[in-house]
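S.K.: sequence and predicted structure are below.
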Amino acid sequence: MTPDVAAAIGVTPFANVPITATIVVKAGQTYDGKGNTIIAQGLGDGSQSEGQKPIFKLENGAVLKNVKIGAPGCDGVHVYGNATLENVEWLDVGEDAMTLKSAGTVTLNNCIAQKAADKVLQINADGTININNFRVTTFGKVLRTNGSGQYNVTVNINGGTFSGGTNIVRTESKNLRVRYRNITTSSVTKLWEVPSASQVSTY
Ligand code: ADA
Ligand code: CA
Ligand code: CA
Ligand code: CA
């Protein structure tokens, strides 16, 4: 909708919001993007090079909602501790979409991620990742723990559509558990790339 049409019918149009620095959501605070699209400048090119800056940094207990992250996706959303991401859409995932940087519980509700050259959720700490109704199209791994790290991770997936990718979960950790239900997949090479099949169950 163009701004003039929006004004004529009395609604606020969605907008592109340019940023030149990471948006920090302080501990316990909520950032409501109101459906707008963040366009980063100077934080990275959205390629697979490491060291790009995040679009959002979520401190412990932060909530990020109703926001689209446009290209370049840079290093996505960094989470320190607990966080909730709700109705967040990555239009073109950059190096990765979300990274758990320090131990916590992260809940993703009704999120969408598209065009991830490799990883979507990068897990670099112990944690619980609750994934509720996640739609991911074109990816390498939806969730990947860092390297050979033996992170203690619980992944609960309740509802999801995953299409065009290699794995939903790839880990080297024997201390990761996945529970899932209500998922639809198409063109995913191997759903669970984990040390032992016993780490994965439905519920
Ligand atoms: C790669 C890299 C790690 C870390 C990770 C990430 O796996 O080897 O050191 O940077 O990406 O968090 O994107
Ligand atoms: Ca990486
Ligand atoms: Ca991409
Ligand atoms: Ca990264």
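M.R.: Now that the structure is in, tell me what you want to look at. Ligands and ions are numbered 1, 2, ... in the order given.
S.K.: how about the residues of the chain near ligand 1?
M.R.: Counting by CB under 6 Å from any ligand atom, the chain comes close to ligand 1 at 50, 95-96, 99, 122, 124, 146-147. The C-beta positions use only the backbone N, C-alpha and C, and glycine is treated the same way.
S.K.: tell me the residues of the chain that contact ligand 3?
M.R.: Within the chain, the positions near ligand 3 by CB under 5 Å from the ion are 92-93, 115.
S.K.: swap in 8 Å and give it another go.
M.R.: Contact residues (CB under 8 Å from the ion) of the chain with ligand 3: 46, 71, 73, 92-94, 114-117, 138.
S.K.: rewinding a little: which ones among the residues of the chain next to ligand 1 lie within strands?
M.R.: Among the residues of the chain next to ligand 1, the members falling in strands (DSSP state E) are 99, 122.
S.K.: need the residues of the chain next to ligand 1 in TSV (columns: distance to V67, pLDDT and neighbour count).
M.R.: Conversion of the residues of the chain next to ligand 1 to TSV gives the following (distance: CB to CB, whole Å; pLDDT from 0 to 100; neighbours: other CB atoms under 10 Å):
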residue	distance to V67	pLDDT	neighbour count
E50	24	98	9
E95	19	99	25
D96	17	99	28
T99	17	99	21
Q122	19	99	21
N124	23	99	18
N146	26	98	16
G147	30	98	9
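S.K.: out of the residues of the chain next to ligand 1, which is nearest to ligand 3?
M.R.: Of all the residues of the chain next to ligand 1, ligand 3 sits closest to E95, with 8.7 Å by CB to the ion.
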